[in-house]
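Student: quick one, what's the 3D model for this:
(chains A and B)
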Amino acid sequence: MELIQAIFALYRERGGWFLGLLWDHFLLSGQAILLSGSIGLLLGIFIAQRPRLAPAVMGVCNVLYTIPAISLLGILIPFTGIGNKTAVIALTIYGVMPMVRNTYVGLTTLDPDILEAAAGMGSTAMQTLLRVKLPMAAGVILAGVRNMVVMTVSVAGIASFVGAGGLGVSIYRGITIYDPAMTAAGSILIASLAVLLDFILGRVEKHFKKYGS
Amino acid sequence: MAEPVIQFDRVCKSFDGHPVLRDFSLDLERGEFLTVIGRSGCGKTTALRLVNGLIAADSGRVLVKGRDVAQTDPVALRRGIGYTIQNVGLFPHMTVEKNIAYVPSLSKSPLWKGEERSRRAAELLQTVGLEPGLAGRYPRELSGGQRQRVGIARALAAQPDVLLMDEPFGAVDEITRRQLQDELLRLHQERGITILFVTHDIEEALKLGTRVLVMEEGRPTQFGPPSALLSNPATPFVAQLVRRSRDFAPRQ
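Tutor: Numbers count the residues shown, from 1 in each chain, chains lettered A, B, ... in the order given. Below is the predicted model:
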């Protein structure tokens, strides 16, 4: 009970500071989301067109995905220094895996009859991809986006260990000055942001699933 | 004599070393309705897919309107040939109207813009015996027979003079199939298109074809008008085929 009161007290007293951190967090994860979203989508499309490369690419993505987040940040410091840049790179590397996987699966599990019809009617490879394959795979791809967004928003919480901004700052400060309320206050905001984005994307996904299959 | 619309010239095709078509030759005149019948794996679908270049011949040539398919841009070739398959392959994310307008939209046909598109799609829906009101529906909201009809409308949209149909009525019930066959006969008479129709149903083959081709193990065994098959079966297999179509054998 005391903890909850302390958290609300913090929000009242330092509302502006938390709002700033929330905004930083949003920007930081937003950059990584855009990057891993586009890299993962393109890579997924690429390996779906060249299935022979798929196991190798998926293997590399899986290995990168299993490196603990904090260790990946540490490994990157000698190369990219400390600050937002390193955090964005690490988050992007994480987010690529679910995007590649879902794009690849979405594009390679389509009804072969429909693809036969698309080819037989004289679609070019690009027309088949843009007009038939991607719209039909949109539901599965969006599930990957959703997964990636939630993960990126929450993992961004530890980015402050390499000097990046965002709500991780309040978590880290809470730990160093032994103020659990401050750590919890940051965590709650991260979770709320993740839940909100998940809800919005869930709605979009539902819309596409409805027409996708 | 007019040039054949579709011509197979000593075509061979194997899959994984297993020959599917052996030295296969055939001429198809303009306006003909050829039905191809045979057992599964006799090469009838292979023959059809060679015409629009979905597969390539190992040796020999396939000519469409005098042009070698192997030397033609497959995309341009296919846009001029209507194609329907058993499971229709309608695009689930597009309305009936968009499905029908798919081929014209690929070639950015100015005849299929805005209002014109709706008008033409409605017209085609009527041609295949459907309510124009279905234009805004999605394929999953249609019955099997309706989907087949939309599939045929889609194949006709770019006004092809050749139509390839691979067991198009294989997955619909008996009564719907008869209706679809009658519609197709009417369309063939009205439009004078050349149709290559693959089926495993001898009754269908005899009912629709101006000529029927019976295939056995990659080779044509009989090629002639339906009446010739009935009066003069060339092999025991053909005799067995046409006999089955006349007799019902009710379970005792």
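Student: in chain B, which residue sits nearest chain A?
Tutor: In chain B, the residue that lies nearest chain A is B:G89 (2.9 Å; Cβ to the nearest Cβ). Using the backbone N, CA and C atoms, a C-beta is placed for each residue, glycine as well.
Student: check contacts around that residue.
Tutor: Contact analysis of B:G89 by Cβ atoms under 8 Å, 6 or more residues apart in numbering or on different chains lists A:D111, A:D113, A:I114, A:L115, A:E116, A:A117, A:A118, B:G151.
Student: assign a three-state SS to the residue in chain A that chain B sits nearest to, would you?
Tutor: Using Cβ to the nearest Cβ, the single residue of chain A nearest to chain B is A:A117, 2.9 Å away. Assigned by DSSP: H, G, I helix; E, B strand; the rest coil, the conformation of A:A117 is helix.
Student: confidence score at it?
Tutor: For A:A117, the pLDDT comes out at 93.
Student: and the contacts of B:G89, which are buried?
Tutor: Among the contacts of B:G89, the ones that count as buried by 16 or more other Cβ atoms under 10 Å in any protein chain shown are A:I114, A:L115, A:E116, A:A117, A:A118, B:G151.
Student: I'd like these as a markdown table, with distance to A:M182 appended.
Tutor: Formatted as a markdown table, these follow (distance: Cβ to Cβ, whole Å):
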| residue | distance to A:M182 |
| --- | --- |
| A:I114 | 54 |
| A:L115 | 55 |
| A:E116 | 60 |
| A:A117 | 59 |
| A:A118 | 56 |
| B:G151 | 64 |
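Student: farthest pair in these?
Tutor: A:L115 and B:G151 (15.0 Å; Cβ to Cβ).
Student: picking up where we left off before, now do the same contact list for the residue of chain A closest to chain B.
Tutor: B:Y83, B:I85, B:V88, B:G89, B:L90, B:F91.
Student: the nearest residue to the last one once chain neighbours are set aside and A:L10: what is the separation?
Tutor: It stands for B:F91. For B:F91, ignoring the flanking residues on the chain, the nearest one in space by Cβ to Cβ, 6 or more residues apart in numbering or on different chains is B:N99 at 5.6 Å. Distance of B:N99 to A:L10, given as Cβ to Cβ, to the nearest Å: 57 Å.
Student: the more surrounded of the two?
Tutor: A count of neighbours by other Cβ atoms under 10 Å in any protein chain shown puts B:N99 above the other of B:N99 and A:L10, at 26 against 20.
Student: out of the buried ones among the contacts of B:G89, who's nearest A:A159?
Tutor: Of all the buried ones among the contacts of B:G89, A:L115 has the smallest distance to A:A159: 41.8 Å, by Cβ to Cβ.
Student: was I right about the closest one contacting A:V132?
Tutor: Yes - shown here, A:L115 and A:V132 form a contact pair, counting by Cβ atoms under 8 Å, at 7.2 Å.
Student: mean confidence for the longest helix seen in chain A?
Tutor: The longest helix of chain A (DSSP state H) is helix A:15-49. Per-residue pLDDT over helix A:15-49 has a mean of 95.
Student: same deal with stretch B:209-226?
Tutor: Mean predicted confidence for stretch B:209-226 is 90.
Student: who's in contact with that stretch?
Tutor: B:19-24, B:26, B:32-39, B:42-44, B:47, B:197, B:205-207, B:228-229, B:233-235, B:237-238, B:241.
Student: that stretch: end-to-end distance?
Tutor: By Cα to Cα, to the nearest Å, the extent of stretch B:209-226 from end to end equals 7 Å.
Student: what does stretch B:219-234 give?
Tutor: Start and end residues of stretch B:219-234 are separated by 13 Å (Cα to Cα).
Student: quick one: the helices in chain A?
Tutor: According to DSSP H, the helices that chain A contains are A:2-13, A:15-49, A:54-66, A:69-80, A:84-108, A:112-120, A:125-127, A:134-155, A:168-176, A:180-212.
Student: just to revisit the earlier point, for the longest helix of chain A, packing partners?
Tutor: Judged by 3 or more Cβ pairs under 8 Å, 6 or more residues apart in numbering or on different chains; DSSP states H and E, the packing partners of helix A:15-49 are helix A:54-66, helix A:84-108, helix A:134-155, helix A:168-176, helix A:180-212.
Student: quick one: strands adjacent to the helix or strand hosting B:T221?
Tutor: Using DSSP states H and E, B:T221 falls within strand B:219-224. According to DSSP bridges, strand B:219-224 forms sheet pairs with strand B:211-216 (antiparallel).
Student: can I get the CA coordinates of the partner strand in CSV?
Tutor: This file holds the C-alpha atoms of strand B:211-216, laid out as CSV (Å, rounded to 0.1, in the frame of the first residue of the first chain):
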residue,chain,number,x,y,z
ARG,B,211,-14.1,-32.6,-80.1
VAL,B,212,-12.8,-34.8,-77.4
LEU,B,213,-9.3,-35.9,-76.8
VAL,B,214,-8.8,-39.1,-74.7
MET,B,215,-5.3,-39.4,-73.2
GLU,B,216,-3.5,-42.4,-71.8
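Student: pull out the buried residues from it.
Tutor: B:R211, B:V212, B:L213, B:V214, B:M215.
Student: do stretch B:189-207 as well
Tutor: Buried residues in stretch B:189-207, defined by neighbour count with 16+ other Cβ under 10 Å: B:191, B:193-199, B:201-202, B:204-207.
Student: just the residues you listed: which are in helices?
Tutor: Mapping those onto helices (DSSP H) picks out B:R191, B:I202, B:E204, B:A205, B:L206, B:K207.
Student: export the residues you listed to CSV and tack on distance to chain A?
Tutor: Shown next, in CSV, are these (distance: Cβ to the nearest Cβ, whole Å):
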residue, distance to chain A
B:R191, 18
B:I202, 25
B:E204, 20
B:A205, 22
B:L206, 26
B:K207, 25
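Student: low-confidence ranges in the stretch 51-200 of chain B?
Tutor: Nowhere does the stretch 51-200 of chain B drop to pLDDT under 70.
Student: who in it is up against chain A?
Tutor: By Cβ under 8 Å from any Cβ of the partner chain, the part of the stretch 51-200 of chain B that sits against chain A consists of B:52, B:54, B:74-80, B:83, B:85-93, B:102-103, B:106-107, B:138, B:154-155, B:164.
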